[in-house]
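> show me how the following folds:
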Amino acid sequence: MDESMVMFSISQLKIMTAQHILKEAGIQSFVIDKMDSAHAGIFGDIELYVAKENQVEAKLILIENEILT
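I've put the predicted structure just below:
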C-alpha cells in the first residue's frame, strides 16, 4: 500500500482527533511520531498518513471538520 501524509502537528490531541474523524468516515490511518522526547513540543512533529487513494477525501474531511485549514 502506498501512503500519503495528510497532516502533521506537534499536538498529539489534534492528531488523535483527526484519526478518530477519519476512522468514523471509514478511512484507515496511521501515525509516525517524530517528536524528540527530550525536547517535547520543540523538535519534530507527529505525522498522520492514509492510503494514497484516500488522500484527497481524507484532506477534505479534515478541512470540513476544521482540523486542517
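
> ok, the spatially closest residue to residue 23 that is not a sequence neighbour - contacts?
Take residue 23 and drop its neighbours on the chain: the residue closest to it by CB to CB, 6 or more residues apart in numbering is residue 29, 7.3 Å away. For every residue, glycine as well, the C-beta is placed using N, CA and C. Contacts were defined as CB atoms under 8 Å, 6 or more residues apart in numbering; by that measure residue 29 touches 6, 18-19, 22-23, 48-50, 58.

> list the buried residues of the particular helix or strand that has residue 56 in it.
Secondary-structure element containing residue 56, defined by DSSP states H and E: helix 55-64. For helix 55-64, burial by neighbour count (16 or more other CB atoms under 10 Å) applies to 55, 58-59, 61-62.

> what's residue 12 in contact with, if anything?
Residue 12 touches residue 46, counting by CB under 8 Å, 6+ apart.

> how about the residue lying closest to residue 3 once chain neighbours are set aside, phi and psi?
If you skip the residues right next to it in sequence, residue 3 has residue 49 as its closest partner in space, 4.4 Å away by CB to CB, 6+ apart. When quoted as degrees, to the nearest 10, the phi and psi of residue 49 stand at phi -120, psi 150.

> identify the residues contacting the most centrally placed residue in the chain.
Geometric centre of the chain, nearest residue: residue 48, 2.8 Å, by CA atoms, centre = their mean. Contacts for residue 48 (CB under 8 Å, 6+ apart) come out as 5-9, 15, 18-19, 29-31.

> I am finished for the moment; much appreciated.
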